[in-house]
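> The following comprises the amino acid sequence and a computationally predicted model.
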Amino acid sequence: MVDEILEGNLNSFDSLPPELKTLLTDMKALDPPHTIDPIMTITNFKEGMKKVPEEKSSSLSGRNYSIYKAIMLPDNYFTGKVIELINKGVTHGFVLKRWRNLLQVMLCKKTGNYNIALDKLRVIQLIEADLNMYFRLVWGKRLVHHAHKLGFIIPEQFGSVPGC
């Protein structure tokens, strides 16, 4: 049934109300599926790390951005091992134990405002620095630019697209 919907073959759904049939028609998979490269390279990692200030809060495990910047030696040995571990997780579908922990923090939107009204607070997530770097590359760069190129981002969402 799911395969039929994704293929756009709705012949077996003739008895459905027109509204539901329209909904199922709109669920047809894109042909061909649009993909982005999920693999991070040493160059990607190093370029991303250069842009992040060392004092940026991250990593409940204590592996903060300063540590990753320190291991980026010219021979790329340690950086390569970190990238290899991230890519193995992505390609084989496993999650490191330390990636499962995050800290959710609520910050006041205005300095000195200690009002606890929820609309006056901003919520941020602190996740592991290496996982955050991966998300920045794949989600924040590749996926957003790909979606923008295909016209999937409406003008109201252009805040996440650089140059718009």
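Sure, I can see it. Residues are numbered from 1 along each chain as shown.

> which residues of this structure score low on pLDDT?
Applying pLDDT under 70 to the chain flags the ranges 30-33, 113-115, 158, 160-164.

> which helices and strands sit right next to the biggest helix by length in it?
Longest helix in the chain by number of residues (criterion: DSSP state H): helix 77-92. When contacts are defined as 3 or more C-beta pairs under 8 Å, 6 or more residues apart in numbering; DSSP states H and E, helix 77-92 sits against helix 42-51, helix 65-71, helix 129-137. C-beta here means a position set from N, CA and C on the backbone, and glycine is covered the same way.

> for those helices, which one sits closest to Phe152?
When these are compared by C-beta to C-beta, helix 129-137 sits nearest Phe152, at 18.8 Å.

> Identify all contacting residues around that closest one.
With C-beta atoms under 8 Å, 6 or more residues apart in numbering as the test, helix 129-137 has contacts from 40, 44-45, 48-49, 52, 58-59, 63-65, 67-68, 82, 86, 90, 96, 99, 127.

> Surely Glu156 is in a helix?
Yes - secondary structure of Glu156 (DSSP: H, G, I helix; E, B strand; the rest coil): part of a helix.

> hmm, back to that, which among the contacts of helix 129-137 end up buried?
Buried residues within the contacts of helix 129-137, defined by neighbour count using 16 or more other C-beta atoms under 10 Å: 40, 44-45, 48-49, 52, 58-59, 64-65, 67-68, 82, 86, 99, 127.

> so which of these comes closest to Pro155?
Distance from Pro155 was checked for each of the buried ones among the contacts of helix 129-137 by C-beta to C-beta. The minimum falls on Gly48, at 27.7 Å.
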